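Asks: coordinates only, sequence not included:
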């Protein structure tokens with residue numbers, strides 16, 4: 001699978017875990033896998049077999065598409081923040097640039113309201 005798929009799946013899995021208030025360990029126990037497997041899925045290093053994806057759908061009460069599709073526009077606020085930090089890391093310069101851009105977008109939104 002492509003790294004794009006792995007990243008989308010990892011992001012969606014993290015979002016579903018957050019919504020269900022489950023830890024990696026909780027999911028691993030429910031699926032009958034090692035915690036390291038869940039950790040690798042969340043890191044985008046590996047991806048699970050379809051039967052595990054189907055089992056996750058049962059646990060989360062979601063559809064396959066909720067785990068497999070690229071849904072950046074549907075991220076929760078926490079998921080969006082996590083995605084941004086995954087991209088920029090701890091680079092102070094990048095953090096400042098992102099913050100400036102966010103402020104620019106906020107000002108632009110305010111201008112449109114006038």
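Replies: Alright, I've got the coordinates. Given the structure is predicted, the values throughout are model-derived calculations rather than measurements.

Asks: tell me where the chain has helices.
Replies: Counting by DSSP state H, the chain has helices at residues 3-20, 24-31, 35-42, 50-60, 64-68, 77-88, 92-113.

Asks: what helices and strands are in contact with the helix or strand bottoming out on mean pLDDT in the chain?
Replies: Lowest on mean pLDDT, DSSP states H and E among the helices and strands of the chain sits helix 77-88, with a mean of 76. Counting contacts by 3 or more Cβ pairs under 8 Å, 6 or more residues apart in numbering; DSSP states H and E, helix 77-88 packs against helix 3-20, helix 92-113. Every residue, glycine included, has its C-beta placed from N, CA and C.

Asks: between those helices, which one is closest to residue 79.
Replies: Of all these, the one in closest proximity to residue 79, counting by Cβ to Cβ, is helix 3-20 (4.4 Å).

Asks: identify each buried residue in the closest one, please.
Replies: By 16 or more other Cβ atoms under 10 Å, the buried positions in helix 3-20 come out as 6, 7, 8, 9, 10, 11, 12, 13, 14, 15, 16, 17.

Asks: what packs against that helix?
Replies: Contacts defined by 3+ Cβ pairs under 8 Å, 6+ apart place helix 3-20 against helix 35-42, helix 50-60, helix 64-68, helix 77-88.

Asks: now do the longest one and helix 92-113, the angle between them.
Replies: So the one you mean is helix 77-88. Interaxial angle of helix 77-88 relative to helix 92-113 (axes from the mean of the first three to the mean of the last three Cα atoms, to 10 degrees): 130 degrees.
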